[in-house]
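[1] after the sequence you'll find the predicted model.
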Amino acid sequence: MTVKTNNDKHEAETTTGTPDMDSQGRDYKKQNTGNSDPNAIGVDIGTSKIVFAQKKNGQIKYDSHRNAFISVEYSSFTEKILKQNQIRYHQFDNSLVVYGDGAEVFADMLNTEARRPMRKGLLNADEAHSIDIIKKIIDDLVDSAKSPQAKLIFSVPDAPKDSPSDIIYHEALLKRHLEQKGFTTNSINEGLAVVFSELEDENFTGLGISAGGGMCNVCLAYLSVPLVSFSINKGGDYLDDAAASVTGMVNTRVRSFKENGFNLGTPPRDKVEDALQVYHDDLITSLVRTLKTSIHSASSTLNVDRPIPIVLSGGTVKVKGFKDRFEKLMKEENFPLEFGKIRIAKDPLTATAKGALIAAMN
Ligand SMILES: Nc1ncnc2c1ncn2[C@@H]1O[C@H](COP(=O)(O)OP(=O)(O)OP(=O)(O)O)[C@@H](O)[C@H]1O
Ligand SMILES: [Mg+2]
C-alpha cells in the first residue's frame, strides 16, 4: 500500500470539506462543487456536548448544547421560574427535567451537579430517561428534514472493549429518532470524522484522535478508508472524577480548574495540579499504549510509505501542554510505521461535527 500526496490546493474551510477520492481513487471533488448543501447535516453526539454542523452560504455554522440535565420535583412555582428564565425543560411524570446548556445554569442556581444522559461515549444505562433527554437536545438543535434527500450523519464512538454490544443499542436508538425526523441517516466513527475534518491536505490519510469527555477515539485512515480504530474509556470525566477523589474537591470544581489555565507543562504547585498531572499522564499513557498494541496487531496489513500525520482533537487536548506530553510519550514507544507531524485540530470542539458534515455531503 502506498500513500498518495495531495497536490490539490487546500480550499478554505468555507468552501471545502470533501474527501478527494474513495478507496478506488475516484475523484469526489467533481461531484461537490456547490458552496452549500442545505440537505447535509453533521451531528457530534458526545458525552459532554452535542454539536450540530451545517453549511450555509459557503460557511460551516455550528451550534451546540451541553449533553446534561437536572431533574427536580414538579411544582408550578419552579415551572414558572424556568419559563421566566427561558430555561428549556420537559416534564417527565412528577419531575421537571432541565436539559442542555440550561442544566448547568440551573445546577449552579441549586448548588448541585448536572447529570449526564451519556456515560463513556454511550447512552447512560443508569439514567432512566437518557434517550428521551438526548432526543430533546437533538430536537432543539436540529429541525425536521426539509426534503426526503436530507442526509444527516452522526458520530458514534468505537465499540468499547469491555461492552462491545452496547454500541449497537446506542446507535440504533439515535438512528431511529433521526429517521423519524425525516433524515436519511448514518453514523460515522468519531476518529474517522476527525480525519475527514482535519486531513484534507493529506488526502484523508493519517491518524485522527478525539479525546473527549467520556472517552478517547482513534482512527488510522488511508485515503479516507479506516484501517485501524479503537477507543479507550478514559476522557475528561475520568480526569475530573479521579482528581476529585484524591483531593476531596468536587469534580465540577476540578473541571473548572482544569479548563481555566491549568498547564501540564509546568511543575505542579499544589495537590490538585499534582493529581491532574498524574491522571493526564495516565490517560495519555493508556492512549499511546493501546495505539501501539492496535497498530502492532494490524501491522501485517499496513504498508504505508511515508510518515503518518497525527491530529489531536476533542476538548481534552485543549489543556496546555497536552500535545507536548503526547509527543514525548509517542517518542518513547516503537511503532512498526513512522508517524509524522503531530498537530492540534483547528477547533478541537467542533472537528467531529465538521467531519460528520463532510461525510453527509458525500
Ligand atoms: N480548555 C480546556 N482545557 C482542558 N479541558 C477542556 C477544555 N475545554 C474542554 N475541556 C474538556 O473536554 C471535555 C469535553 O470534550 P468534548 O466536547 O470533545 O467531549 P465529547 O465529544 O462531548 O465527549 P466524547 O467524545 O468523549 O463522548 C471535558 O472533559 C472538558 O472538561
Ligand atoms: Mg467527542
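    Structure received. Numbering: from 1, shown residues only. Ligands and ions are numbered 1, 2, ... in the order given.

[2] now the spatially closest residue to Ala275 that is not a sequence neighbour: how far from Tyr74?
    Leaving out its chain neighbours, the residue that sits closest to Ala275 by C-beta to C-beta, 6 or more residues apart in numbering is Ala243, at 4.0 Å. Yep, even glycine has a C-beta here, placed from its N, CA and C like the rest. Computed with C-beta to C-beta, to the nearest Å, the distance linking Ala243 and Tyr74 is 36 Å.

[3] these two: who's more crowded?
    A direct count of neighbours by other C-beta atoms under 10 Å for Ala243 and Tyr74 places Ala243 higher, at 26 against 14.

[4] is it true that that one touches Tyr279?
    Yes - judged on C-beta atoms under 8 Å, Ala243 makes contact with Tyr279 at a distance of 5.6 Å.

[5] just to revisit the earlier point, the strand or helix carrying the residue nearest to Ala275 and ligand 1, are they touching?
    Using DSSP states H and E, Ala243 falls within helix 236-247. Yes - counting by C-beta under 6 Å from any ligand atom, ligand 1 is contacted by helix 236-247 at Gly236, Asp237.

[6] cool, stretch 159-167 as well?
    No - using C-beta under 6 Å from any ligand atom, stretch 159-167 stays clear of ligand 1, coming no nearer than 11.2 Å.

[7] going forward, the N-terminal residue is numbered 814.
    With 814 as the first residue, the last one maps to stretch 972-980.

[8] and the end-to-end length of that stretch?
    This stretch, stretch 972-980, spans 6 Å end to end (C-alpha to C-alpha, to the nearest Å).

[9] in that stretch, which residues are buried?
    Residues of stretch 972-980 classed as buried: Ala972, Pro973, Asp979, Ile980 (neighbour count, 16 or more other C-beta atoms under 10 Å).

[10] do stretch 992-1005 as well
    In stretch 992-1005, counting by 16+ other C-beta under 10 Å, buried: Lys994, Phe996, Thr998, Asn999, Ser1000, Ile1001, Asn1002, Glu1003, Gly1004, Leu1005.

[11] which one of those residues sits closest to Lys1144?
    Gly1004 (21.5 Å; C-beta to C-beta).

[12] residue contacts, the closest one?
    Counting by C-beta atoms under 8 Å, 6 or more residues apart in numbering, Gly1004 makes contact with Asp971, Gly1021, Ile1022, Ser1023, Asn1030, Val1031, Cys1032, Pro1039, Ser1042.

[13] hang on, the earlier thing: quick check: of the buried residues of stretch 992-1005, which lies closest to ligand 2?
    Using C-beta to the ion, Glu1003 is the member of the buried residues of stretch 992-1005 that lies nearest ligand 2, at 5.6 Å.

[14] could I get the phi/psi values of the closest residue to ligand 2 within the stretch 1014-1163 of the chain?
    Nearest residue of the stretch 1014-1163 of the chain to ligand 2, counting by C-beta to the ion: Gly1025, 3.3 Å away. The phi/psi pair for Gly1025 (degrees, to the nearest 10) reads phi -110, psi -150.

[15] lowest-pLDDT helix or strand in the chain?
    helix 914-922 (a mean of 85; mean pLDDT, DSSP states H and E).

[16] ok, residues contacting that one?
    878-879, 881-883, 895, 898, 900-902, 911, 926-928.

[17] tell me the contacts of the residue in the stretch 814-963 of the chain that ligand 1 sits nearest to?
    Proximity of the stretch 814-963 of the chain to ligand 1 (C-beta to the nearest ligand atom) peaks at Gly859, 2.3 Å away. Going by C-beta under 8 Å, 6+ apart, Gly859 touches Asn880, Met931, Gly934, Ser968, Gly1025, Gly1026, Gly1027, Thr1165.

[18] gap between the helix or strand where Ser1099 lies and the chain center?
    Here Ser1099, judged by DSSP H and E, is contained in helix 1084-1111. Here the centre of mass of C-alpha atoms in helix 1084-1111, compared against the chain's by C-alpha atoms, centre = their mean, to the nearest Å, lies 18 Å away.

[19] pull the contacting residues for the residue of the stretch 914-1063 of the chain found nearest ligand 1.
    Distance from ligand 1 to each residue of the stretch 914-1063 of the chain (C-beta to the nearest ligand atom) is smallest for Gly1049, at 1.7 Å. Neighbouring residues of Gly1049 by C-beta under 8 Å, 6+ apart: Ser861, Ala1024, Gly1025, Gly1026, Gly1027, Arg1068, Lys1071, Gly1128, Thr1129.

[20] Glu984 now?
    Val969, Ser1000.

[21] what about it, which helix or strand?
    Counting by DSSP H and E, Glu984 is found in helix 979-993.

[22] ok now that helix, how far from the chain's centre?
    That offset, for helix 979-993, works out to 17 Å (C-alpha atoms, centre = their mean).

[23] any idea of the mean pLDDT for it?
    Average pLDDT, helix 979-993: 96.

[24] re the thing from before, in JSON lines: the contacts of helix 914-922, plus neighbour count.
    Formatted as JSON lines, the contacts of helix 914-922 follow (neighbours: other C-beta atoms under 10 Å):
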{"residue": "His878", "neighbour count": "20"}
{"residue": "Arg879", "neighbour count": "20"}
{"residue": "Ala881", "neighbour count": "25"}
{"residue": "Phe882", "neighbour count": "30"}
{"residue": "Ile883", "neighbour count": "24"}
{"residue": "Leu895", "neighbour count": "17"}
{"residue": "Asn898", "neighbour count": "12"}
{"residue": "Ile900", "neighbour count": "19"}
{"residue": "Arg901", "neighbour count": "18"}
{"residue": "Tyr902", "neighbour count": "23"}
{"residue": "Val911", "neighbour count": "28"}
{"residue": "Glu926", "neighbour count": "15"}
{"residue": "Ala927", "neighbour count": "23"}
{"residue": "Arg928", "neighbour count": "20"}
